[in-house]
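A.B. asks: okay, here's the prediction I keep looking at, along with the sequence it came from:
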Amino acid sequence: MSDVGKDAIRQAWDGVVATARRTETDGLVVGTSGNVSARVGDLVLVTPSGVPYDRLGPEDAVGVDLEGRQVMGDMVPTSELPLHLAVHRHTDAAAVVHTHAVHATAVSTLVPEVPLVHYAAAVLGGPVRTAAYARYGTRELADNMLAALRGRTGCLLQNHGTVTYGKTLDEAYDRTAQLEWMCRLWLTASSVPGLSPTLLTPAQLRDVQDALEGYGQPG
């Protein structure tokens, strides 16, 4: 492995650990629930199973190939490895974040799709779907998730949590935060007795998606 390769892997692992700690700090997970991964070439770096994030250091890097064979580290990879690998194999993701965010998980028990209560749905590619329930760590869950992710960069997992991905760890995390915020917004608006939230139409959402193509700084 070249020095450049080692540097890239070290930097990616530092990002995985920092992002995992951020999910805990921001209240999106409790304890060691949730997990994070980042892809460097054909190597997928993942958080290990059952290890508190504040105990992870540079020497604890865990890596697998795209078939799930462990090629780096001594600790056991996250139990949600099939979920992460499914995203990395079937999308252009360079990073995946899975959480048990409270409001998003609550919404996953209520609806098959997050209602269009805010145009933030455009950041995730459109109305966010809820993947059908399957036990954690299973291929069935990974398959259900992929179906819910079609044309999207995030989804809910029924009675479980969230999955988002991006081309960077920051992008994947920001999409998780947007999804949790949007679910919290819908739950808050829906809690007012006698009133129902106004929802955006598909046409209004498409208008936002078009506008977002020119959003932010050039380049």
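C.D. replies: Yes, it's here. Just so it is clear, the model here is predicted, and its values are computed rather than measured. Residues are numbered from 1 along each chain as shown.
A.B. asks: show me which residues of stretch 187-196 are buried.
C.D. replies: 187, 189 (16 or more other C-beta atoms under 10 Å). Quick note: C-beta positions are derived from backbone N, CA and C, even for glycine.
A.B. asks: residue 102 versus the most centrally placed residue in the chain, what's the distance?
C.D. replies: Nearest to the mean C-alpha position of the chain, by C-alpha atoms, centre = their mean, lies residue 164 at 2.5 Å. To residue 102, residue 164 is 16 Å away according to C-beta to C-beta, to the nearest Å.
A.B. asks: got any ranges where the protein has weak pLDDT?
C.D. replies: 1-4, 214, 216-219 (pLDDT under 70).
A.B. asks: how about a cut-off of 50?
C.D. replies: 1-4 (pLDDT under 50).
A.B. asks: can you give me the helices for it?
C.D. replies: Using DSSP state H, the helices of the chain run over 3-25, 81-90, 102-108, 139-149, 169-190, 202-212.
A.B. asks: what angle separates the first one from helix 169-190?
C.D. replies: The directions of helix 3-25 and helix 169-190 differ by 20 degrees, with axes from the mean of the first three to the mean of the last three C-alpha atoms, to 10 degrees as the criterion.
A.B. asks: list the buried residues for helix 3-25?
C.D. replies: If you call a residue buried by 16+ other C-beta under 10 Å, then helix 3-25 has these buried ones: 9, 12, 13, 14, 15, 16, 17, 19, 20, 22, 23, 24.
A.B. asks: kindly report the same for the second one.
C.D. replies: By neighbour count, and taking 16+ other C-beta under 10 Å as the criterion, the buried residues in helix 81-90 are 81, 82, 83, 84, 85, 86, 87, 88.
A.B. asks: for it, the distance to its chain's centre please.
C.D. replies: Relative to its chain's centre, helix 81-90 lies at 11 Å (C-alpha atoms, centre = their mean, to the nearest Å).
A.B. asks: helices and strands around that helix, which ones?
C.D. replies: strand 35-40, strand 43-46, strand 95-99, helix 139-149, strand 161-166 (3 or more C-beta pairs under 8 Å, 6 or more residues apart in numbering; DSSP states H and E).
A.B. asks: so what strands line up beside the first one?
C.D. replies: Note on strand 35-40: by DSSP bridges, its sheet partners are strand 43-46 (antiparallel), strand 95-99 (antiparallel).
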